[in-house]
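Trainee: this one's structure only:
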């Protein structure tokens, strides 16, 4: 079985305005680079049942978002989360991509899947858009695994440099989901202290200072691996943000592109037995185009090699 890539070109029409760091080029550079790899199989997302969105987000929030998409121009959901007419399809397709990816892995069409999509999702809370995020894509995916496939142990590993406050908010009291985040702290969005553990000890935050380098990060990542080993997930979802790279303009970590290979490979080595290799990864942050291109390629290299 091969590694799948699930995305559409609707991300191009999610216009965030001139000078905004979360722009279409981010996904374009990733896709163009990955298309050089003949080992990857490409697929478009299928339609999904909106009930899975409603399990993750409050109905009134979904209604508000639907009404907010402008007929023309731009509309601000918050200070930095902007929507345009094309954002409706792009945000829907991002959710559809992770659901299609899960089905593809569960049905053994693909070994594992990466979804290079936008808008990202991990800052979106149950009833609030935030930090460039409209719907929490990875959270919808986890709920889908619980509802459709009756899984009881899902691990979400978030290596974006910013804490995924939205994902934590959504699963804080859900014992079926282990949410793990490594992130710069104190930093945006202000959450992610190590005493935020969830109702069932199902949240593991590893806050790290600005300037954290590769060795320091990978040493800290041993805590992630230990927790995964104890939890023994049935399925792993990656919130794959590449903004902890040393070249990223929005943060101050000092990781190198190759580190994302090591992060991914070490995670898979610990989880393969319990998950039977079932992995879906979805793009979150990453704002230096070259760093994003290289880092996502390293992430995919580990996914492709995993068997």
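Mentor: Yep, it's here. This structure is a prediction, so every number in the text was calculated from the model and none was measured. Numbers count the residues shown, from 1 in each chain.

Trainee: so is residue 290 in a helix, a strand, or just coil?
Mentor: Secondary structure for residue 290, judged by DSSP: H, G, I helix; E, B strand; the rest coil, is helix.

Trainee: what's the separation between it and residue 258?
Mentor: 14 Å (Cβ to Cβ, to the nearest Å). For glycine as for every other residue, the C-beta is placed from the backbone atoms N, C-alpha and C.

Trainee: got the end-to-end distance for stretch 46-59?
Mentor: End-to-end distance of stretch 46-59 (Cα to Cα, to the nearest Å): 22 Å.

Trainee: pretty sure residue 237 is in a strand, no?
Mentor: Yes: membership of residue 237 in a strand is supported by three-state DSSP.

Trainee: which residues touch the closest residue to it other than its chain neighbours?
Mentor: Nearest residue to residue 237 in three dimensions, chain neighbours excluded: residue 156, at 4.8 Å (Cβ to Cβ, 6 or more residues apart in numbering). By Cβ atoms under 8 Å, 6 or more residues apart in numbering, the contact set of residue 156 is 138-139, 142, 164, 167, 171, 177-180, 236-239.

Trainee: with neighbour count, distance to residue 7 and secondary structure added, can I get those in TSV?
Mentor: Output for these, formatted as TSV (neighbours: other Cβ atoms under 10 Å; distance: Cβ to Cβ, whole Å; DSSP: H, G, I helix; E, B strand; the rest coil):
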residue	neighbour count	distance to residue 7	secondary structure
138	32	15	helix
139	34	19	helix
142	29	20	helix
164	34	21	coil
167	31	21	helix
171	26	25	helix
177	27	24	strand
178	26	27	strand
179	29	24	strand
180	24	25	strand
236	24	20	strand
237	28	16	strand
238	26	15	strand
239	28	16	strand
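
Trainee: now render the residues you listed as a markdown table, adding pLDDT.
Mentor: Listed next are the contacts of residue 156 as a markdown table, based on pLDDT from 0 to 100:
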| residue | pLDDT |
| --- | --- |
| 138 | 99 |
| 139 | 99 |
| 142 | 98 |
| 164 | 98 |
| 167 | 99 |
| 171 | 98 |
| 177 | 99 |
| 178 | 99 |
| 179 | 99 |
| 180 | 99 |
| 236 | 98 |
| 237 | 99 |
| 238 | 99 |
| 239 | 99 |
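
Trainee: from the residues you listed, which is closest to residue 111?
Mentor: For the contacts of residue 156, the residue nearest residue 111 by Cβ to Cβ is residue 236; the value is 12.7 Å.

Trainee: is the closest one in a bridge, and if so with what?
Mentor: Counting by DSSP bridges, residue 236 forms beta bridges with residue 155, residue 279.

Trainee: quick one: the helices in the stretch 51-200 of the chain?
Mentor: In the stretch 51-200 of the chain, the helices defined using DSSP state H, counting those that start in this stretch lie at 51-56, 59-68, 87-106, 137-149, 165-171.

Trainee: of these, which is nearest residue 262?
Mentor: helix 137-149 (21.5 Å).

Trainee: which strands and helices lie in contact with that closest one?
Mentor: Packed against helix 137-149 by the contact rule (3 or more Cβ pairs under 8 Å, 6 or more residues apart in numbering; DSSP states H and E) you find helix 51-56, helix 87-106, strand 154-158, helix 165-171, strand 235-240, strand 279-283.
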